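S.K.: model this:
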Amino acid sequence: MEIKELTNKTPAELQKLLAQYREKLRELRFKDSNRQLKNVREIRQVREVIARIFTVLNTKV
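M.R.: Residues are numbered from 1 along each chain as shown. Here you go, the predicted model:
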């Protein structure tokens, strides 16, 4: 998800999105620990999106 898409969202929407991505990251970590995850890079991508959401939230507050 790009920064441009995130800046158009309200803080409440961003909080929901943040919760969804944190849950996704949690699931990916569990899959990785059980050696069920094929694409390990996906963890990094989700972490980057979470960081973008935090950046946008901090600029809006």
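
S.K.: Is it correct that P11 is in contact with K60?
M.R.: Yes - using CB atoms under 8 Å as the test, P11 is close enough to K60 to be in contact (5.7 Å). For glycine as for every other residue, the C-beta is placed from the backbone atoms N, C-alpha and C.

S.K.: What separation is there between L57 and R47?
M.R.: Look at L57 and R47: by CB to CB, to the nearest Å, they are 16 Å apart.

S.K.: Looking at the two, which one has more neighbours?
M.R.: Neighbour totals were compared for L57 and R47, and L57 leads with 16 against 13 (other CB atoms under 10 Å).

S.K.: low-scoring pLDDT stretches of the protein, where are they?
M.R.: Counting by pLDDT under 70, the chain contains no low-confidence residues.

S.K.: In it, what residue spans correspond to helices?
M.R.: 3-7, 11-33, 41-60 (DSSP state H).

S.K.: which secondary structure elements does the second one contact?
M.R.: In terms of contact count using 3 or more CB pairs under 8 Å, 6 or more residues apart in numbering; DSSP states H and E, helix 11-33 is assigned the packing partners helix 41-60.

S.K.: Equivalent analysis for the last one, please.
M.R.: With contacts defined as 3+ CB pairs under 8 Å, 6+ apart, the secondary structure elements packing on helix 41-60 are helix 3-7, helix 11-33.

S.K.: quick check: angle from that helix to helix 11-33?
M.R.: Interaxial angle, helix 41-60 versus helix 11-33 (axes from the mean of the first three to the mean of the last three CA atoms, to 10 degrees): 160 degrees.

S.K.: got the contact list for helix 41-60?
M.R.: Contacts with helix 41-60, where a contact means CB atoms under 8 Å, 6 or more residues apart in numbering, come from 1-3, 6-7, 9, 11, 14-15, 17-18, 21-22, 24-25, 28-29, 32, 37.

S.K.: 7 Å - rerun?
M.R.: With CB atoms under 7 Å, 6 or more residues apart in numbering as the test, helix 41-60 has contacts from 1, 3, 6-7, 11, 14, 17-18, 21-22, 24-25, 28-29, 32.
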